[in-house]
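J.: attaching a predicted model along with its sequence, questions to come.
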Amino acid sequence: MVENRREKKPDRSEEADTSVESRPGLPVRIWRSVFRTPLTPRTERERKRVVLNHLVLHNRPVRLPERTIAFRHTFGLGGMSATLVGLLILTGVLLMFVYEPSPDRAYGSIEALRRDVRFGGLVRNVHHWSANLLVFIVFLHMIRTFFTGAFHGTRQFNWVIGVLLLLVVLAANFTGYLLPWDQLSFWAITIVTGMLGYVPLIGDGLIRLARGGAEIGGATLINFYTFHTTIIPVTIVGLMAFHFWRVRKAGGVVIPRQSDEDPEDKPATVLFVPSLLTREFVTGLVLVAAVMVLAVAFDAGLGEAANPGMSPNPAKAPWYFLGLQELLLHFHPTWAVVILPGLVLLALLAIPYLRYDEPMEGRWFVSDTGRTLATAGALAAVVLTPLWVLVDEYATDWSGWLGGLPPVLSEGLVPAVVALGLTGAVIHLAGRQYGGNRQEKLQAAFAFLATALVILTAVGVWFRGEGMSLGWPWT
Ligand code: HEM
Ligand code: HEM
């Protein structure tokens, strides 16, 4: 025990040594003033500082492999997600001072916030843009962890925590969407909660649960508000703490390795302060600056006050659920809302636990074959998804062709089997053409589905007009 402690000491003194090499930058100076740990605390103040440092520093290693800090390895996406959550909590608490969660007052309180409160509109805009960026950045972070194979061994469960975080981030956005209580928010939430009705047997019960009654009203608003401002933030912060702890337990992020490298070789290391700290600090500052620019340049907007008697046309879900709404236009609701998204979610959760020929991790796309297969999968989706949307819109008549079958089969099972069969065929053909092991083929499937989701969402956002018919965005 004593031996071990003695071994650890040089690390700390190394940190101190390099710190005097040259005049340190601002992030390092701030860090030092707050976190420099006296090795033998003498006063009560020093003792408190040691406790605080251990609380914070246990999450950050003293040294870490030099290759892992390259920006293009992680693109700083995990850190950016955490920064955005921080901004959301900060601005969310400020919004609570003005916002009133009742159907009579909600809309007016946002009007007052924009009109009468100094910087009220800006705070709201920062909340709005951070929330929308968060969905996008967390999605990219998932893509990065997947394509660097960061879900094997000690990282398996952290992928699952990540999937849970993704769901909670969507729930946070969704519950926040209703709060302004304008036409857009009222009808978007009506559409999405209405989708729950397609769940067989318990659909009506689920709608009542989500809305706090049959229709959207005061009970829905107060329920959403409570989830949005208390339950969901606490869950996100708890899951994030768990997520970061797992990253630390795994020895940091995956280490990029060359294919011909001996896995036993120890990569060169650098000190956390200043090497990674400075990068994190700069990435955070640039992100906050970008959010501020968005918040100043583009207003979150506020439509007409909610009118339960008059639905806008088209009535659309929030943008991150438009892929789901698009599926509803092509498949029987049970398939569009329950079975297909359920299968995707199960597949996502299963990714770390599938059997792989050999775990491959660290490099982007894990190998050259992996890169080729992923590109092939994405390109196939770029061609096939719009084609499917067009053909299904104008040329198919599943229920007419299969008149004898119940709609859940003719408009659900059959087109789903055709669509999934097509996906399988693409992966199979790409595999035959380029070779590849299970993980590399899985990358092709993932790239295909992720790209298809992005395209379906884009169709929903820009190419669906009145009556949800297809059309050009500018007409
Ligand atoms: C991951 C965390 C969060 C996300 C994704 C999120 C998302 C959103 C969204 C999309 C809106 C609608 C904004 C708009 O008008 O366009 C909103 C509104 C609101 N949020 Fe959050 N939020 C989060 C955390 C919080 C927290 C922690 C609080 C308070 C403690 C909070 C309080 C509010 C309030 C009071 C509103 C109503 C004001 C408004 O609509 O502008 N939010 N949120
Ligand atoms: C609010 C949401 C999230 C936050 C704040 C967050 C934060 C982070 C951070 C800071 C890291 C370490 C640095 C980095 O990789 O950039 C990380 C790693 C990781 N995250 Fe997330 N994450 C979130 C969501 C997700 C999601 C949706 C997934 C996947 C489904 C995921 C899976 C992982 C995995 C597997 C690692 C380990 C990466 C490695 O070892 O290289 N995370 N996350």
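T.: That came through fine. Numbers count the residues shown, from 1 in each chain. Ligands and ions are numbered 1, 2, ... in the order given.
J.: only C-alpha atoms for contact and neighbour calcs from this point on.
T.: OK.
J.: check which helix or strand covers L64.
T.: Using DSSP states H and E, L64 sits in strand 63-65.
J.: which helix or strand lies directly C-terminal to that strand?
T.: Going down the chain from strand 63-65, the next helix or strand is helix 71-74, by DSSP H and E.
J.: from the chain's centroid, how far away is that following helix?
T.: Relative to the centre of its chain, helix 71-74 is centred 17 Å away, using Cα atoms, centre = their mean, to the nearest Å.
J.: if we can go back for a sec, touching ligand 2 at all, the strand holding L64?
T.: No - Strand 63-65 stays clear of ligand 2 (Cα under 6 Å from any ligand atom), getting no nearer than 12.2 Å.
J.: which parts of the stretch 201-350 of the chain sit against ligand 1?
T.: H228, T229, P233, A300.
J.: restricted to buried residues, select these in PyMOL.
T.: In PyMOL, a selection of the buried entries from those looks like this (16 or more other Cα atoms under 10 Å):
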select buried, resi 228+229+233+300
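J.: show me which of the residues of the stretch 201-350 of the chain next to ligand 1 is closest to F272.
T.: Nearest to F272 out of those is P233 (Cα to Cα; 28.9 Å).
J.: count the neighbours of the closest residue to ligand 2 within the stretch 101-250 of the chain for me.
T.: Closest residue of the stretch 101-250 of the chain to ligand 2, Cα to the nearest ligand atom: G162 (3.4 Å). Neighbour count for G162, taken as other Cα atoms under 10 Å: 20.
J.: state the distance from it to L343.
T.: For G162, the distance to L343 (Cα to Cα, to the nearest Å) stands at 18 Å.
J.: what about the stretch 251-400 of the chain, any weak spots by pLDDT?
T.: Low-confidence segments of the stretch 251-400 of the chain, defined by pLDDT under 70, span residues 259, 263.
J.: that one: strands as residue ranges?
T.: For the stretch 251-400 of the chain, applying DSSP state E, counting those that start in this stretch gives strands covering 269-271.
J.: which bits of this structure sit near ligand 2?
T.: Listed as neighbours of ligand 2 in the chain under the rule Cα under 6 Å from any ligand atom: 74, 76-79, 81-82, 138, 142, 145, 150-151, 155, 158-159, 162-163, 165-166, 240, 247, 252-254.
J.: hmm, back to that, which residue, other than its chain neighbours, is closest to the residue of the stretch 101-250 of the chain closest to ligand 2?
T.: Nearest residue to G162, sequence neighbours excluded (Cα to Cα, 6 or more residues apart in numbering): H243, at 7.2 Å.
J.: burial count for that neighbour?
T.: If we define neighbours as other Cα under 10 Å, then H243 has 20 of them.
J.: can you confirm it is in a helix?
T.: Yes - assessed by DSSP: H, G, I helix; E, B strand; the rest coil, H243 belongs to a helix.
J.: most widely separated two among the residues of the stretch 201-350 of the chain next to ligand 1?
T.: Greatest spatial distance in these: P233 and A300, 21.4 Å, computed using Cα to Cα.
J.: contacts only, for the residue minimising distance to the centre of the chain.
T.: Most central in the chain under Cα atoms, centre = their mean is V138, positioned 2.7 Å from the mean C-alpha point. For V138, the contacting residues are L77, G78, S81, L166, by Cα atoms under 8 Å, 6 or more residues apart in numbering.
J.: same deal with L449?
T.: A378, A381.
J.: same question, the one 4 residues further on
T.: The neighbourhood of L453, defined by Cα under 8 Å, 6+ apart, consists of G323.
J.: equivalent analysis for G218, please.
T.: So G218 contacts S102, P103 (Cα under 8 Å, 6+ apart).
J.: quick one: it from ligand 1, how far?
T.: Applying Cα to the nearest ligand atom, to the nearest Å, the value for G218 to ligand 1 is 15 Å.
J.: restricted to helices, list the residues of the chain next to ligand 2.
T.: Per DSSP state H, helices hold the following members of these: 74, 77-79, 81-82, 138, 142, 145, 158-159, 162-163, 165-166, 240, 247.
J.: what's the distance between G403 and L409?
T.: With Cα to Cα as the criterion, G403 and L409 are 10 Å apart.
J.: kindly report the same for D299.
T.: Going from D299 to L409 by Cα to Cα gives 45 Å.
J.: which one of these two has more residues nearby?
T.: Legend: neighbour count by other Cα under 10 Å for D299 and L409, higher for L409 (18 against 15).
J.: doesn't the more buried one lie inside a helix?
T.: Yes - judged by three-state DSSP, L409 forms part of a helix.
J.: mind listing what it touches?
T.: If you count contacts by Cα under 8 Å, 6+ apart, L409 has none.
J.: what is the neighbour count of the closest residue to W187 other than its chain neighbours?
T.: Excluding the flanking residues, the one nearest W187 by Cα to Cα, 6+ apart is A315, at 6.3 Å. Residues lying near A315 (other Cα under 10 Å) number 19.
J.: and if you look at the one 3 residues further on?
T.: The local packing of P318 (other Cα under 10 Å) involves 20 other residues.
J.: how near is W181 to L328?
T.: Distance of W181 to L328, computed by Cα to Cα: 25 Å.
J.: now H54
T.: 51 Å.
J.: how about the residues of the stretch 51-200 of the chain that lie near ligand 1?
T.: Residues of the stretch 51-200 of the chain found near ligand 1 (Cα under 6 Å from any ligand atom) are 85, 88-89, 92-93, 95-96, 99, 124, 128, 131, 169, 172-173, 176-177, 179-180.
J.: just the closest residue of the stretch 201-350 of the chain to ligand 2, please.
T.: Counting by Cα to the nearest ligand atom, the stretch 201-350 of the chain gets nearest to ligand 2 through V253 (3.3 Å).
J.: over to the stretch 351-475 of the chain?
T.: For the stretch 351-475 of the chain, Cα to the nearest ligand atom, closest residue to ligand 2: G362, 7.3 Å.
J.: separation between that residue and G92?
T.: 37 Å.
J.: check V273 too.
T.: Plainly put, V273 is 31 Å away from G92 if you go by Cα to Cα.
J.: then L113?
T.: Distance check for L113 against G92: by Cα to Cα, it reads 13 Å.
J.: and stretch 207-215, how far out from the chain middle?
T.: 27 Å.
J.: show residues contacting that stretch.
T.: Residues from elsewhere that reach stretch 207-215, judged by Cα under 8 Å, 6+ apart: T193, G194, L196, G197, G217, A219, T220, N223.
J.: stretch 236-249 too?
T.: For stretch 236-249, the external contacting residues (Cα under 8 Å, 6+ apart) are 59-61, 82, 154-155, 158, 161-162, 165, 168-169, 253.
J.: ok, and for that stretch, which residues are buried?
T.: Judged by neighbour count (16+ other Cα under 10 Å), stretch 236-249 contains these buried residues: I236, V237, L239, M240, H243, F244, W245, R246, V247.
J.: can you pull the contacts of T451?
T.: Taking Cα under 8 Å, 6+ apart, we find T451 in contact with A378, A381, V382.
J.: at 6 Å what do you get?
T.: Going by Cα atoms under 6 Å, 6 or more residues apart in numbering, T451 touches A378.
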